[in-house]
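Novice: below are the sequence and a predicted model for it; my questions follow.
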Amino acid sequence: MDETTSNWPVPDNMKDQLKLLMPTHMAQPLPVYDKDAYVEPSSVNNAIRNALVEVHFTLKHHHIQRKDGSKALDSFSGRIEQIIILKPGVPLTMSGYKRKNLLDGPYRPKPFVVPASVPLPAVPTALTGEVASVFLPAAKASTSGKKKA
């Protein structure tokens, strides 16, 4: 390992193979920036998890014509040039529907009950404009296209 790759998060079973590549290959870290500061490779996974990022990339297209005159091929390749973290990630709350053991039975969420101390907002009704203490659905429009007499 060299100075650049010594702290890279490489699985233990792959470190020997990485050492074999070092004499013939040049490692280039993925350029990730948070507030214009470089993010070290060992911290990249945590820095970009659930974050809003701007990704700069190149996309190359190669049109490959076959010598036998058969249908040509279109080949595309992409490369990430840099990642800029615009908004750090917020840990996602675990859904009650995701449990470790599905054999425990279905998830039954607790019903949402508005406490009596919380007043319901006043909502104008769609028909009269009067204020109601609960939401009333608007009357359904006729879809038949015929006028009633």
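Specialist: Done, it's in.

Novice: can I take it that Ala47 is in a strand?
Specialist: No: secondary structure of Ala47 (DSSP: H, G, I helix; E, B strand; the rest coil): helix, not part of a strand.

Novice: number of residues surrounding it?
Specialist: Around Ala47 there are 17 other residues, counting by other CB atoms under 10 Å. Every residue, glycine included, has its C-beta placed from N, CA and C.

Novice: so it touches Leu86, yeah?
Specialist: No: with contact defined as CB atoms under 8 Å, Ala47 does not count as touching Leu86 (12.0 Å).

Novice: quick one: strands adjacent to the lengthiest strand in the chain?
Specialist: Ranked by residue count, the top strand of the chain under DSSP state E comes out as strand 73-87. In the sheet, strand 73-87 lines up against strand 32-34 (parallel), strand 52-64 (antiparallel) (DSSP bridges).

Novice: looking at those, which is buried most?
Specialist: Using mean count of other CB atoms under 10 Å, the stretch among the strands paired with strand 73-87 with the largest mean neighbour count is strand 32-34, at a mean of 18.

Novice: coming back round to it: Pro109: which of the strands paired with strand 73-87 is closest?
Specialist: Ranking the strands paired with strand 73-87 by distance to Pro109, with CB to CB as the measure, places strand 52-64 first at 29.1 Å.

Novice: mean confidence score for that closest one?
Specialist: Within the predicted structure, the mean pLDDT of strand 52-64 is 95.

Novice: can you give me how far that strand is from the chain middle?
Specialist: The chain centre lies 19 Å from the centre of strand 52-64; the measure is CA atoms, centre = their mean, to the nearest Å.

Novice: same check, this time on stretch 11-21
Specialist: Going by CA atoms, centre = their mean, where stretch 11-21 is centred and where its chain is centred differ by 30 Å.

Novice: could you find the closest non-adjacent residue to the residue nearest the centre of the chain?
Specialist: The centre of the chain sits closest to Asn50, judged by CA atoms, centre = their mean, with a distance of 6.3 Å. For Asn50, ignoring the flanking residues on the chain, the nearest one in space by CB to CB, 6 or more residues apart in numbering is Gly89 at 3.1 Å.
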